[in-house]
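Student: Need coordinates for the below:
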Amino acid sequence: MGEKKVIPFGIRKLQLDTLDLFHNPLDTDVVLRPLCPLALPTLLECAASTIVEYDLPYTSHYIPSTLVDYIIEQCVCPCGKKVFQNTSSCILVLDLYKLASTVVYINNTGRFKVPLEVYFCSTKCWKKVHYRK
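Tutor: From the prediction side, this is the model:
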């Protein structure tokens with residue numbers, strides 16, 4: 001996976017036999033971070049979300065390449081929508097044995113729980129995930 005401090009939410013969809021996180025400096029002491037208040041979107045965020053919402057083609061033939069890159073690089077909410085506001089994220093804890101039957105991971109606590117970074121499109125989606133724990 002490369003060196004990560006937190007794991008992206010999308011990893012939950014994987015069904016693995018083995019997961020090797022041996023050389024990753026995952027931050028196991030991370031404090032659960034509540035959802036930050038949604039801030040006003042930037043012009044770039046407005047343009048990107050409009051393009052995605054109306055299912056418009058986003059190639060450099062139609063829009064600036066910086067906007068194309070921005071749309072491609074954005075995170076996905078658990079509901080499936082792309083998230084364009086970077087303030088709407090939180091850290092949850094994931095048990096690695098929910099991903100794989102064999103886990104190679106050493107930390108100073110002896111636990112197999114790691115920080116999972118999740119991005120949300122709304123407080124409604126945040127509440128669904130947060131209160132499901």
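Student: Would you mark the buried spots in stretch 42-62?
Tutor: For stretch 42-62, the neighbour count (16 or more other C-beta atoms under 10 Å) marks 45, 47-49, 51, 58 as buried. Every residue, glycine included, has its C-beta placed from N, CA and C.
Student: Make a markdown table from the residues you listed and add secondary structure and pLDDT to it.
Tutor: As requested, those are exported to a markdown table (DSSP: H, G, I helix; E, B strand; the rest coil; pLDDT from 0 to 100):
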| residue | secondary structure | pLDDT |
| --- | --- | --- |
| E45 | helix | 88 |
| A47 | helix | 93 |
| A48 | helix | 92 |
| S49 | helix | 88 |
| I51 | helix | 93 |
| Y58 | coil | 89 |
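Student: any idea how far P57 is from K128?
Tutor: For K128, the distance to P57 equals 31 Å [C-beta to C-beta, to the nearest Å].
Student: What distance do you get for the closest residue to I51 other than its chain neighbours to P41?
Tutor: Closest residue to I51 apart from its sequence neighbours, by C-beta to C-beta, 6 or more residues apart in numbering: Y58 at 5.3 Å. To P41, Y58 is 17 Å away according to C-beta to C-beta.
Student: Repeat that for L94.
Tutor: For L94 relative to P41 (C-beta to C-beta), the value is 29 Å.
Student: Likewise for I51?
Tutor: Taken as C-beta to C-beta, the span from I51 to P41 is 13 Å.
Student: same question, K127
Tutor: 21 Å.
Student: out of the buried residues of stretch 42-62, who's nearest K81?
Tutor: Closest approach to K81 among the buried residues of stretch 42-62 (C-beta to C-beta): S49, at 9.1 Å.
Student: For the closest one, list the residues it contacts.
Tutor: By C-beta atoms under 8 Å, 6 or more residues apart in numbering, S49 lies in contact with 41, 82, 84.
Student: Could you export those as JSON lines, including neighbour count?
Tutor: Below are these laid out as JSON lines (neighbours: other C-beta atoms under 10 Å):
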{"residue": "P41", "neighbour count": "14"}
{"residue": "K82", "neighbour count": "18"}
{"residue": "F84", "neighbour count": "22"}
